[in-house]
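>>> turn this into a structure:
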Amino acid sequence: MAKIFQLNFNLHDWFEHEKYDLEDDLYIYPKSRLLFSFLTILILLWGIFILWSFLFGQNLAEIDLFIENLTRDLRTPAGDTLFSFITFFGSQYFIIGSAFFLAIPLFIKHRKKAAVIFVFTLLITIVLVIVLKSVFGRTRPLGCINNFDCFSYPSGHAALSFYYYGIISYLSLRFLKLKRKWRSICVLGVSVLVILIAVSRLYLGFHFLTDIVAGFLLGGICWLTAAIAIDLFYKKYM
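Down below sits the predicted model:
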């Protein structure tokens, strides 16, 4: 019991200490960068709602249906197996599980603030996906999954994979001393994986193209928020 109390006490002290550090960091952080980031987040959020309003127009809806019909015609048993495997890496079960595992090295390397931001923003991303899907209420191309997961806009896999693999890439580039070649490989590998996960959602019939685009916009919002928070806390160490 004493150990638990000590842990809670130390955790409380740590948050209190970080709160005062944040005030100092905000004071010295470039205000223009904060303003630009805030405006970018607003634009991306506005884009999600604008894209939704465009769906009521005939042209964009026809593009969604054209892509959905095209992917349906291209499906094969081998393709189903391949893309079912790929789409698993964008599922919230895999991402949440691996996120907590990957947060351990950040704690060990005295990057506790980065670990907290990384995991907390991931959980916020999941909540936003659930809320926005309920708000828009767009039915999936192939209907409900397991009789309860029925809504498709924005794509949770697209949002989570964009945020998760993007922020892992950002953390790697920031805290690891990688040569330019490996930096390029890291960015390229993450980009290819995120795109493949998005394609898998289209191929398997779980999403329309606009669901994917909206998911990327949401993932971009969460990624930028986390990246700015990490940059704010660690800028003085650069």
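>>> can you pull the contacts of the residue nearest to the spatial centre of the chain?
A centroid search over the chain (C-alpha atoms, centre = their mean) returns Tyr163, at 2.2 Å, as the residue closest to the centre. Taking C-beta atoms under 8 Å, 6 or more residues apart in numbering, we find Tyr163 in contact with 121-122, 125, 219, 222-223, 226. Any C-beta I mention is one placed from the backbone N, CA and C, and that applies to glycine too.
>>> same thing but 10 Å
Going by C-beta atoms under 10 Å, 6 or more residues apart in numbering, Tyr163 touches 95, 118, 121-122, 124-126, 194, 215-216, 218-226.
>>> ok, how many other residues are close to Tyr165?
22 (other C-beta atoms under 10 Å).
>>> ok, now how distant is it from Phe49?
25 Å (C-beta to C-beta, to the nearest Å).
>>> quick check: closest non-adjacent residue to Phe100.
Val119 (6.6 Å; C-beta to C-beta, 6 or more residues apart in numbering).
>>> now the strand or helix carrying the one you found: average pLDDT?
Per DSSP states H and E: Val119 is located in helix 112-136. If you average the pLDDT over helix 112-136, you get 91.
>>> list the buried residues in that helix.
113-119, 121-122, 125-126, 128-129, 132-133, 136 (16 or more other C-beta atoms under 10 Å).
>>> and if you look at stretch 203-215?
Going by neighbour count (16+ other C-beta under 10 Å), the buried part of stretch 203-215 is 203-204, 206-215.
>>> rebuild the residues you listed as CSV, extending it with secondary structure.
Listed next are those as CSV, based on DSSP: H, G, I helix; E, B strand; the rest coil:
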residue, secondary structure
Tyr203, helix
Leu204, coil
Phe206, coil
His207, coil
Phe208, coil
Leu209, helix
Thr210, helix
Asp211, helix
Ile212, helix
Val213, helix
Ala214, helix
Gly215, helix
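>>> tell me which of the residues you listed is nearest to Glu68?
Phe208 (6.1 Å; C-beta to C-beta).
>>> quick one: the closest residue in space to the closest one that isn't next to it in sequence and Leu171, what's the gap?
Using C-beta to C-beta, 6+ apart and skipping residues adjacent in sequence, the residue nearest Phe208 is Asp64, 4.0 Å away. Asp64 is 34 Å from Leu171, where distance means C-beta to C-beta.
>>> the more surrounded of the two?
Applying other C-beta under 10 Å to Asp64 and Leu171 shows that Leu171 carries more neighbours, namely 21 against 17.
>>> for the more buried one, which non-adjacent residue is closest in space?
Nearest to Leu171 is Ala114, by C-beta to C-beta, 6+ apart, at 6.4 Å.
>>> Ile168 is in contact with the one you found, correct?
No. The criterion here is C-beta atoms under 10 Å, and Ala114 misses it with Ile168 at 11.2 Å.
>>> what pLDDT, on average, does the helix or strand Leu188 falls within get?
Using DSSP H and E, Leu188 sits within helix 180-203. Per-residue pLDDT over helix 180-203 has a mean of 90.
>>> gap between it and the chain center?
14 Å (C-alpha atoms, centre = their mean, to the nearest Å).
>>> and that helix, what's buried?
Within helix 180-203, judged by 16+ other C-beta under 10 Å, the buried ones are 186, 190, 194, 196-198, 200-203.
>>> identify each buried residue in stretch 137-148, please.
In stretch 137-148, counting by 16+ other C-beta under 10 Å, buried: 138, 140-141.
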